[in-house]
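> got a sequence here, can you build the structure:
(one chain, ligands or ions: 2)
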Amino acid sequence: MRRTVDVDATILSSRVIARGTTELALAVPRNAAPRPGQFLHIRAPGEFLRRPISASGYDEETGAARIIVRDAGRGSRAISGLGAGDRVRLLTPLGRGFPMESIIRDIASGKKIWLAGGGIGAAPLLFAASSVRAADLAIDSFVGFRDEESVIGVRELGECGSVSVSVGGLVTDAMTRAMESAVPDSILACGPVPMLRAIQKICAGRGIRGFMSVEERMGCGVGACLVCVCRTGTGDGWEHRRVCRDGPVFGISEVAL
Ligand SMILES: Cc1cc2nc3c(=O)[nH]c(=O)nc-3n(C[C@H](O)[C@H](O)[C@H](O)COP(=O)(O)OP(=O)(O)OC[C@H]3O[C@@H](n4cnc5c(N)ncnc54)[C@H](O)[C@@H]3O)c2cc1C
Ligand code: FES
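Ligands and ions are numbered 1, 2, ... in the order given. Here you go, the predicted structure:
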């Protein structure tokens, strides 16, 4: 049975894959392997508070979880600076991820599902795409990046379906253009808040369903401190939910952004 564990994980490899962006593989216990959309809560060297980082893959054979970290400040820079052989304290797996079983069932039954990622938000989508591919199915992706030097994941996503890459433009523009010929049944999204808001609007206008992974600053990562609360629901009945425990993946129209 999978359960959350607090472990000293060994870094198996580390490589810079884009400007200020590092991919690391970490050995995690097999019974604590993350699933797509789940995250690891990592104690960066020298930091008191852990930092949440999505899993971007998991290799069943080696037991290695993959993460992609963008230098955003002290904590993420310290995690990026870890090298093979270093050890780091982390909690894994955390959060509710993408419901991959029903997503895979939907794709198998002919439903069209798109991935939509902005910047480092592409990282958890790589994991979702690879699990669709592992089921011998395909999924199309729309990803956007600030500039050429920041592009990640295009090769991996291309192995799982078609990929539209927007550099310096809005990923949602590419999606609305593509919707002139085919509207998806659902979208799985992760990225900056303005992109997620635009996707909510696109989905609401066309009756598209789906899921999004949202980010909030975190304290405990396990549902106790309420640092990460977001608002879900409609104007009639707001609810406060914890991104770490009730998310980070929510229904696409669920979170008030
Ligand atoms: C569920 C989840 C999954 C994440 N997955 C990844 C991932 O796969 N790869 C990755 O590189 N990053 C990811 N992040 C974001 C990452 O946790 C933050 O960038 C990191 O904690 C920043 O810490 P820092 O000490 O480097 O920066 P700080 O010095 O603390 O902050 C640097 C800047 O980042 C902003 N910031 C800090 N935390 C967040 C946050 N949670 N959301 C938005 N802005 C923030 C701050 O306001 C500030 O502008 C994820 C966050 C969440 C909540
Ligand atoms: S980070 Fe403590 S409740 Fe979510």
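
> drop to CA atoms for contacts and neighbour counts, all remaining ones
OK.

> near ligand 1, which residues of the stretch 1-150 of the chain show up?
The stretch 1-150 of the chain has residues 39, 51-54, 68-70, 72-77, 120, 123 near ligand 1, with proximity defined as C-alpha under 6 Å from any ligand atom.

> which among those end up buried?
Restricting these to buried positions leaves 39, 51-54, 68-70, 75-77, 120, 123, with burial counted as 16 or more other C-alpha atoms under 10 Å.

> any idea which of the residues you listed is closest to residue 154?
Of all those, the one sitting nearest residue 154 is residue 123; the distance, using C-alpha to C-alpha, is 10.6 Å.

> just give me how far stretch 198-211 sits from the chain centre.
18 Å (C-alpha atoms, centre = their mean, to the nearest Å).

> how about stretch 55-65?
15 Å.

> check stretch 139-147 too.
Once both centres are worked out by C-alpha atoms, centre = their mean, stretch 139-147 turns out to sit 13 Å from its chain's centre.

> ranges for the helices of the stretch 101-250 of the chain?
Along the stretch 101-250 of the chain, counting by DSSP state H, counting those that start in this stretch, helices occupy 122-134, 154-158, 171-178, 193-206.

> circling back: from the residues of the stretch 1-150 of the chain next to ligand 1, which land in strands?
Of the positions in those, 39, 51, 52, 53, 54, 68, 69, 70 sit in strands, assigned by DSSP state E.

> contacting residues around the nearest residue to the first one once chain neighbours are set aside?
It refers to residue 39. Nearest-residue entry for residue 39: residue 54, 4.0 Å, with adjacent residues in sequence omitted and distances by C-alpha to C-alpha, 6 or more residues apart in numbering. With contact taken as C-alpha atoms under 8 Å, 6 or more residues apart in numbering, residue 54 is in contact with 37, 38, 39, 40, 67, 68, 123, 124.

> quick one: residue 54 and residue 206, what's the gap?
According to C-alpha to C-alpha, to the nearest Å, residue 54 and residue 206 sit 29 Å apart.

> same deal with residue 37?
Following C-alpha to C-alpha, the distance that separates residue 37 from residue 206 is 25 Å.

> ok, residue 96 next?
With distances taken as C-alpha to C-alpha, residue 96 is found 26 Å from residue 206.

> over to residue 238?
Following C-alpha to C-alpha, the distance that separates residue 238 from residue 206 is 24 Å.

> could you do residue 188 as well?
From residue 188 across to residue 206, the span is 15 Å (C-alpha to C-alpha).

> counting neighbours, go ahead and name the busier of these two.
Higher neighbour count among residue 188 and residue 206: residue 188, with 24 against 12, using other C-alpha atoms under 10 Å.

> if anything else comes up later, I'll come back, but that's it for now.
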